[in-house]
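Asker: 3D model of this:
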Amino acid sequence: MSIHNQSVLNDAGILQLESASVVMIYTEWNDFVTNELVAGCERTLAGYNIKKTSKYQVPGAFELPFAVKQLWENTRGTADQPSAIIAFGCVIRGATPHFDYVCKAVTDGILQLNLELPVPVIFGVLTVDNMEQAQERLGGEHGHKGDEAAITALKMIAYQRQLATNR
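Answerer: Coordinates of the predicted model:
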């Protein structure tokens, strides 16, 4: 039985976004997970004819907020400016409190970016207790979080465009 949220896979409102640009920033750490998150995202974006994509890799989840901010600062006002940015990572609980600190920092950092930047920053960071839970989120019992991040990015781009046309 699948218990993941099917509503995020509903693509209502994602129309004519071919001109959208999506950037994926992902971690080296736990790359066997993050590479699959990125691959799922790329498959979904390709299914919606999103051709303007790019990828950047950073060491770990803690570095994601900085990387997103720097990417925005360096592309703002250029042809490379993204319509949305997706941050992918995977933090697996260990025996020390390090997991809690990293998860809180990256979550707070991406939240802050969503409040500061004029484009959506999608939270694609898995925070799991073990590798089995990560696998369940790569097409298993809990869906594919890379696919879901792509759909979320497209929905947020559509939302922003809708607001712009309603002014």
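
Asker: low pLDDT regions in the protein?
Answerer: Applying pLDDT under 70 to the chain flags the ranges 1-9, 12-13.

Asker: Am I right that W72 is in contact with L117?
Answerer: Yes - W72 lies in contact with L117 (C-beta atoms under 8 Å); the separation is 5.4 Å. Any C-beta I mention is one placed from the backbone N, CA and C, and that applies to glycine too.

Asker: hey, what's in contact with both of these two?
Answerer: Shared contacts of W72 and L117, defined by C-beta atoms under 8 Å, 6 or more residues apart in numbering, comprise I85.

Asker: how far away is the one residue sitting closest to the centre of the chain from D100?
Answerer: A centroid search over the chain (C-alpha atoms, centre = their mean) returns I86, at 2.9 Å, as the residue closest to the centre. Taking C-beta to C-beta, to the nearest Å as the measure, I86 falls 24 Å from D100.

Asker: now swap in T53 and tell me
Answerer: Distance from T53 to D100, counting by C-beta to C-beta: 32 Å.

Asker: which residues touch the nearest residue to K51 once chain neighbours are set aside?
Answerer: Closest residue to K51 apart from its sequence neighbours, by C-beta to C-beta, 6 or more residues apart in numbering: E18 at 7.1 Å. By C-beta under 8 Å, 6+ apart, the residues touching E18 are Y48, N49, I50, K51.

Asker: Skip the chain neighbours and tell me the closest residue to the residue nearest to the centre of the chain.
Answerer: I86 sits nearest to I122 (C-beta to C-beta, 6+ apart), 4.3 Å away.

Asker: Pull up the pairing partners for the helix or strand that neighbour falls within, direction included.
Answerer: Assigning secondary structure by DSSP states H and E places I122 in strand 121-128. Its sheet considered, strand 121-128 pairs with strand 84-92 (parallel) by DSSP bridges.

Asker: Next, count neighbours for Q160.
Answerer: 16 (other C-beta atoms under 10 Å).

Asker: So it is in contact with P120, correct?
Answerer: Yes - counting by C-beta under 8 Å, Q160 touches P120, with 7.2 Å between them.

Asker: Quick check: which helices or strands does the top helix by length along the chain pack against?
Answerer: What stands out as the longest helix in the chain, according to DSSP state H, is helix 145-165. Packing contacts for helix 145-165, counted by 3 or more C-beta pairs under 8 Å, 6 or more residues apart in numbering; DSSP states H and E, involve strand 21-27, helix 31-47, strand 84-92, strand 121-128.
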